[in-house]
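>>> what's the 3D shape of this:
(chains A and B, ligands or ions: 2)
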Amino acid sequence: MTIGHHAMIDQWYPVALASQLPPEGRTTQLMGTAIRVLPGDPVRVVTGDGRDLRVTLRYGHVWTSLGEPSKDLFDIPEADQPGRRLVEVGVVRVRCSPLRAVENFLDIAHFPFVHTDILGAEPHTEVGKYDVEIREKEDEVWATKVQFYQPQAAKSATGGITTDYMYRVPAPTSTVLYKTCPARPGEWDVITLFVQPLTEELCDVWPWMALFDDETALTDLIHFQQMIFLQDRSILENQIPRLLPLDPGREIPTRADLTSVAYRRWLKRHQFTYGAQLVAQ
Amino acid sequence: MILYDYILSPDAYKVRLMAALTGLKLELWAVDMHPGREHQSEPLLALNPAGSIPILVDGDLILTESAAMLVYLAKLAAPEWLGENDAADAARIQQWLSFSRRLTDHLGGARATEMLVEPGDLPSLQRAGTVDLREVEAALAERRIVGQCFLAADRATIADIACFPYVALAPDGGLSLDPYPSIRLWMRAIRMLPGFIEMPGIHRLHELKPEPVSDMPETV
Ligand SMILES: N[C@H](CCC(=O)N[C@@H](CS)C(=O)NCC(=O)O)C(=O)O
Ligand SMILES: [Fe+2]
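Numbering: from 1, shown residues only, chains lettered A, B, ... in the order given. Ligands and ions are numbered 1, 2, ... in the order given. Below you'll find the model as predicted:
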């Protein structure tokens, strides 16, 4: 195992929905290691060879780490804001690198082509200028001032609107997006993708949301997001190579994928390379 | 008419698709199957003790088998979808409606295991699903030889609608459709039907792929 793999071993990963743990537990995998998530108080996560792993319950999910995380799980302050609906979307397995699942989520340019007539539509394919930075203090990737025209931005949207977005990567396989909230102007809806790396080329993806929307039935919110994520899944499973190439020589930044460039740069800086293909110079 | 529906359920999509193709209006009632397992809840088990989706309710009539729902919608609004009265054609349609259950079990099982992380023996589901796909491919190849592109008649019938969704979604269960040219042509014909609707994983015809770029001059 390389040094890079160690860097990712000390991170937190989602391994189950806390509300959906069966009595016998959930048998799964984390970065190639067999684990069992056991219900109870406290919830436990044990490896095949009987080792108890660190556990934290947050954002509806059970999080664990194979190593020793130096920090608590990243904060999403909006999750505790009164009045938000917390939406557990459930797991979807994808045959792709966990890093690719995050990278695709960051790429706004795919909306009109992959989420046609929902999150984007031709001919409105232009992504305007926006800001991308690696925030040193928080050690997170942020893209702000992203604007995009959307025919149906949310389940509650009734017509096309120009949506404002912010993207955030607080951990190598977790990403949070903030978007215009149709029901409450001035607030941001929070939509996340929490990715559980099973292997370098296989992941379980746990979308989760914290929305202001008192109108839409919870089931409809879940299904809207499942529909969107399944559209991504068919793209993700067809990407070649399966691993995410991390090669500075190959970056040809266009405005649309500046966030992806910053994400890759941040991964490289931290040696977060589980699921990456390191291309020799 | 109420359809207890799930957006990712191919069996529920059959009914939505049939309604769209025949111009019938359904009232959709979304069931939180995944992750909520609402299909196993008391109220839904009272409607359908089998605990499956879809369920179609029209007044006193409660249907829990998608094949029966297709027959019902076709009889109501578009009897031409039931095929000819010819004995062989009528039997062929019944044959495919029953066969479609195997697709639910095998291809649907592989998809639930591979995509939604449900328990299941993926290799054996995929093996059984491959046998089913070969049977559909062989049947469609024979139809093509006599100049027809649908399963049971010289037009699309409920047999095609019953078999189409799980076949089209076989890649979700890890089974590529590349080896099955007749199936791919048949899926194209179904997606060309006026009124066709999509579900996640089954796209409309103008594909996502950009036009192929070629250095060759255009030929007319
Ligand atoms: N009743 C049959 C089968 C329907 C069926 O199996 N539906 C799946 C969803 S696509 C289901 O409800 N599965 C229940 C489960 O997996 O527990 C039909 O309508 O064709
Ligand atoms: Fe997407």
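>>> what's the domain layout of chain B?
Here the domain parsing of chain B from automatic domain parsing is B:2-77, B:82-208.
>>> what about the longest one and ligand 1, any contact?
Yes: shown here: domain B:82-208 in contact with ligand 1 (C-beta under 6 Å from any ligand atom) through B:T104, B:G108. The C-beta positions use only the backbone N, C-alpha and C, and glycine is treated the same way.
>>> what about that domain, near chain A?
Yes: counting by C-beta under 8 Å from any C-beta of the partner chain, chain A has neighbours in domain B:82-208: B:E114, B:M115, B:L116, B:V117, B:P171, B:G174, B:P200, B:G201, B:L208.
>>> Now that domain: average pLDDT?
For domain B:82-208, mean pLDDT rounds to 95.
>>> Could you do stretch A:229-240 as well?
Stretch A:229-240 shows a mean pLDDT of 91.
>>> what comes up buried for it?
Neighbour counts over stretch A:229-240 (16 or more other C-beta atoms under 10 Å in any protein chain shown) mark A:F229, A:L230, A:Q231, A:D232, A:R233, A:S234, A:I235, A:L236, A:E237 as buried.
>>> Centre of the chain to it, how far?
How far stretch A:229-240 lies from its chain's middle: 14 Å, per C-alpha atoms, centre = their mean, to the nearest Å.
>>> hey, where'd the helices end up in chain B?
In chain B, the helices defined using DSSP state H lie at B:10-22, B:42-47, B:66-77, B:87-116, B:122-145, B:158-168, B:181-191.
>>> Now tabulate the ones you listed in a markdown table and tack on mean neighbour count and distance to A:P172.
Below are the helices of chain B laid out as a markdown table (neighbours: other C-beta atoms under 10 Å in any protein chain shown; distance: least, C-beta to C-beta, whole Å):
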| stretch | mean neighbour count | distance to A:P172 |
| --- | --- | --- |
| helix B:10-22 | 23 | 34 |
| helix B:42-47 | 11 | 40 |
| helix B:66-77 | 20 | 42 |
| helix B:87-116 | 19 | 24 |
| helix B:122-145 | 16 | 28 |
| helix B:158-168 | 27 | 35 |
| helix B:181-191 | 17 | 38 |
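>>> do you know which of those lies nearest A:P245?
helix B:87-116 (25.5 Å; C-beta to C-beta).
>>> looking at the sheet around A:A276, what are its partners?
Beta-bridge pairing for A:A276 (DSSP bridges): A:L244.
>>> so it touches A:R242, yeah?
No: with contact defined as C-beta atoms under 8 Å, A:A276 does not reach A:R242; the gap is 10.9 Å.
>>> okay, the two: which has more neighbours?
A:A276 (24 against 18; other C-beta atoms under 10 Å in any protein chain shown).
>>> picking up where we left off before, max pairwise distance over the residues of domain B:82-208 next to chain A: which two?
The span of the residues of domain B:82-208 next to chain A, defined through C-beta to C-beta, is set by B:V117 and B:L208 at 25.7 Å.
>>> quick one: contacts for A:W206?
Contacts for A:W206 (C-beta atoms under 8 Å, 6 or more residues apart in numbering or on different chains) come out as A:P14, A:L17, A:H61, A:V89, A:G90, A:V91, A:L193, A:F194, A:V195, A:Q196.
>>> picking that back up, redo the buried residues of stretch A:229-240 as JSON lines? Include secondary structure and distance to chain B.
Formatted as JSON lines, the buried residues of stretch A:229-240 follow (DSSP: H, G, I helix; E, B strand; the rest coil; distance: C-beta to the nearest C-beta, whole Å):
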{"residue": "A:F229", "secondary structure": "helix", "distance to chain B": "9"}
{"residue": "A:L230", "secondary structure": "helix", "distance to chain B": "4"}
{"residue": "A:Q231", "secondary structure": "helix", "distance to chain B": "6"}
{"residue": "A:D232", "secondary structure": "helix", "distance to chain B": "10"}
{"residue": "A:R233", "secondary structure": "helix", "distance to chain B": "7"}
{"residue": "A:S234", "secondary structure": "helix", "distance to chain B": "6"}
{"residue": "A:I235", "secondary structure": "helix", "distance to chain B": "8"}
{"residue": "A:L236", "secondary structure": "helix", "distance to chain B": "12"}
{"residue": "A:E237", "secondary structure": "coil", "distance to chain B": "8"}
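>>> Going by distance to ligand 1, which of those residues wins?
A:L230 (14.1 Å; C-beta to the nearest ligand atom).
>>> Buried residues, the helix or strand where A:A262 lies. List them.
If you go by DSSP states H and E, A:A262 is part of helix A:258-270. For helix A:258-270, a neighbour-count test (16+ other C-beta under 10 Å) marks A:L258, A:T259, A:S260, A:V261, A:A262, A:Y263, A:R264, A:W266, A:L267, A:K268 as buried.
>>> and the residue nearest the centre of chain A, which of the three is it?
Nearest to the mean C-alpha position of chain A, by C-alpha atoms, centre = their mean, lies A:L193 at 2.5 Å. Put simply, A:L193 is strand when judged by DSSP: H, G, I helix; E, B strand; the rest coil.
>>> And the pLDDT at it?
Value listed for A:L193 in the pLDDT field: 98.
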